[in-house]
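Enquirer: coordinates only, sequence not included:
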């Protein structure tokens, strides 16, 4: 009798928990978008499985047919957790798709021998238009993108800079570092800028993240790649769009590894050295050599007379980039606007340093790169054409 009562009590506990609503707390937002794949990231308030349904951007209803389901898996099993990352491949270049993300709560795994499931949460496709995205396309000759940086968890500033981003005819957005002041907790990333970014654009426009010198601070900084997966598994990576090859570099911390601020955990000298070895291979690749334009995005400008980190970037990265003949470097960090002409401090390429209160729009064409810097009100304060 006691066993029966205990079983009944446990059943009602599991039943009650299973009926609790599960919520998407952040996202979805787009990562690792290329010509043939896209990665979708979102967070939930409960442990759950996750999957994505994809549909072509045509006139059919999203549920006219059974759409393919793409699950997050790991080592042959469906992954359960609160940060969900699903990569969908075999897509067509330059093509629009509709999508919907799902999570189903997993209440108990019974040590791996059985699983109790709870409610399902998903993005809406009934009361509003399904979310959409477009793959990249290396055949394009004209496109544009926007860069902001150094907002340090100021969502009001982010909103003022990007409020009309979907009307600006851009193909993607770059966050060039220091979007937070530290990563002591994962909430600093989500509440600090990701929720706002997802609501403004990142659920439908690709977001390319560049790690600044503040994102490595705090113990949850080790979860960085969970939020921003890359093809290299590192914060430095490449991508191609239109006639342009992009290299995203991680300039690391701004002070020496033994600085008191890093509490004995700094190891950026070795990290940057390994990154430089990777960079040397990239600039010898067929894709890089055959691109019309070559743009490098890095948080800290490689300035010799500044602090340790930028000087090390100058020492390790600049000789490689000079030899590779890049066309432009985009930076932040200084919280002020500064256009640096080529041949400044060993840099045989121009550098645009974007202020924390400005946004830079980059327009690419067959024979030119046009830079337009605007303030919070959208008023242009600087324009520069780089011709070829």
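Expert: Here it is on my side, so go on. Treat the numbers as computed from the prediction; the structure is a model and nothing was measured.
Enquirer: okay, CA-based contacts and neighbour counts for the rest of this
Expert: Noted.
Enquirer: gap between residue 62 and residue 42?
Expert: Residue 62 is 21 Å from residue 42, where distance means CA to CA, to the nearest Å.
Enquirer: got it, and residue 238?
Expert: Taking CA to CA, one finds residue 238 at 23 Å from residue 42.
Enquirer: partners of the residue nearest to residue 340 when sequence neighbours are not counted in the sheet?
Expert: Spatial nearest neighbour of residue 340, chain neighbours left out: residue 351 (5.0 Å); criterion: CA to CA, 6 or more residues apart in numbering. Beta bridges link residue 351 to residue 329, residue 340 when assigned by DSSP bridges.
Enquirer: which ones are touching residue 351?
Expert: 301, 328-331, 339-342 (CA atoms under 8 Å, 6 or more residues apart in numbering).
Enquirer: which SS class is residue 146?
Expert: Put simply, residue 146 is strand when judged by DSSP: H, G, I helix; E, B strand; the rest coil.
Enquirer: is it true that it touches residue 354?
Expert: No - at 11.0 Å, residue 146 does not count as touching residue 354 under the criterion of CA atoms under 8 Å.
Enquirer: and for the two, which residues touch both?
Expert: residue 360.
Enquirer: if you count surrounding residues, which of the two has more?
Expert: Comparing residue 146 with residue 354 by other CA atoms under 10 Å, the one with more neighbours is residue 354, at 27 against 21.
Enquirer: shouldn't the more buried one be in contact with residue 340?
Expert: No - assessed by CA under 8 Å, residue 354 is found out of contact with residue 340, at 11.0 Å.
Enquirer: walk me through the domains of this structure.
Expert: For the chain, automatic domain parsing gives the domain ranges 21-134, 143-387.
Enquirer: least confident of the ones you listed, on average?
Expert: When the domains of the chain are compared on average pLDDT, domain 21-134 comes out lowest at a mean of 93.
Enquirer: that domain: how far from the chain's middle?
Expert: 17 Å (CA atoms, centre = their mean, to the nearest Å).
Enquirer: between the two ends of that domain, how far is it?
Expert: 31 Å.
Enquirer: and stretch 371-386, by the same measure?
Expert: End-to-end for stretch 371-386, by CA to CA: 8 Å.
Enquirer: got a list of contacts for that stretch?
Expert: Stretch 371-386 has contacts (CA under 8 Å, 6+ apart) with 157, 160-161, 354, 357-363, 368-370.
Enquirer: ok, which stretches of the stretch 151-300 of the chain are helices?
Expert: 155-162, 187-189, 195-197, 224-227, 268-282, 286-289 (DSSP state H, counting those that start in this stretch).
Enquirer: so which elements touch the longest one?
Expert: This points to helix 268-282. Helices and strands touching helix 268-282, by 3 or more CA pairs under 8 Å, 6 or more residues apart in numbering; DSSP states H and E, are helix 308-316.
Enquirer: next helix or strand past the helix it packs on?
Expert: For helix 308-316, the succeeding helix or strand toward the C-terminus, using DSSP states H and E, is helix 318-324.
Enquirer: buried set for that next one?
Expert: 318-321, 324 (16 or more other CA atoms under 10 Å).
Enquirer: just give me the closest of those residues to residue 121.
Expert: residue 321 (46.4 Å; CA to CA).
Enquirer: and the closest one, what is it in contact with?
Expert: residue 283.
Enquirer: swap in the one 10 residues further on?
Expert: With contacts defined as CA under 8 Å, 6+ apart, residue 331 is in contact with 176, 297-301, 351-354.
Enquirer: what sits closest to residue 186 if chain neighbours are left out?
Expert: According to CA to CA, 6+ apart, the nearest residue to residue 186 is residue 220 (5.9 Å).
Enquirer: quick one: neighbours of that neighbour, just the number.
Expert: By other CA under 10 Å, 17 other residues sit near residue 220.
Enquirer: still on that earlier bit, tabulate the contacts of residue 351 (JSON lines), appending distance to residue 191.
Expert: Putting the contacts of residue 351 into JSON lines (distance: CA to CA, whole Å) gives the following:
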{"residue": "301", "distance to residue 191": "27"}
{"residue": "328", "distance to residue 191": "32"}
{"residue": "329", "distance to residue 191": "29"}
{"residue": "330", "distance to residue 191": "26"}
{"residue": "331", "distance to residue 191": "24"}
{"residue": "339", "distance to residue 191": "32"}
{"residue": "340", "distance to residue 191": "34"}
{"residue": "341", "distance to residue 191": "37"}
{"residue": "342", "distance to residue 191": "38"}
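Enquirer: for PyMOL, what selects the buried ones among the residues you listed?
Expert: Remark: buried members of the contacts of residue 351, expressed as a PyMOL selection using 16+ other CA under 10 Å:
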select buried, resi 301+328+329+330+331+340
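Enquirer: which element, helix or strand, includes the nearest residue to residue 343 once chain neighbours are set aside?
Expert: Spatial nearest neighbour of residue 343, chain neighbours left out: residue 349 (6.5 Å); criterion: CA to CA, 6+ apart. Here residue 349, judged by DSSP H and E, is contained in no helix and no strand.
Enquirer: in contact with residue 349, which residues?
Expert: 322, 325-329, 341-343.
Enquirer: could I get the phi/psi values of it?
Expert: Main-chain torsions, residue 349, degrees, to the nearest 10: phi -160, psi 150.
Enquirer: looking at residue 62 and residue 42, which has the bigger crowd around it?
Expert: residue 42 (25 against 21).
Enquirer: what about that one, which SS state?
Expert: Under three-state DSSP, residue 42 comes out as strand.
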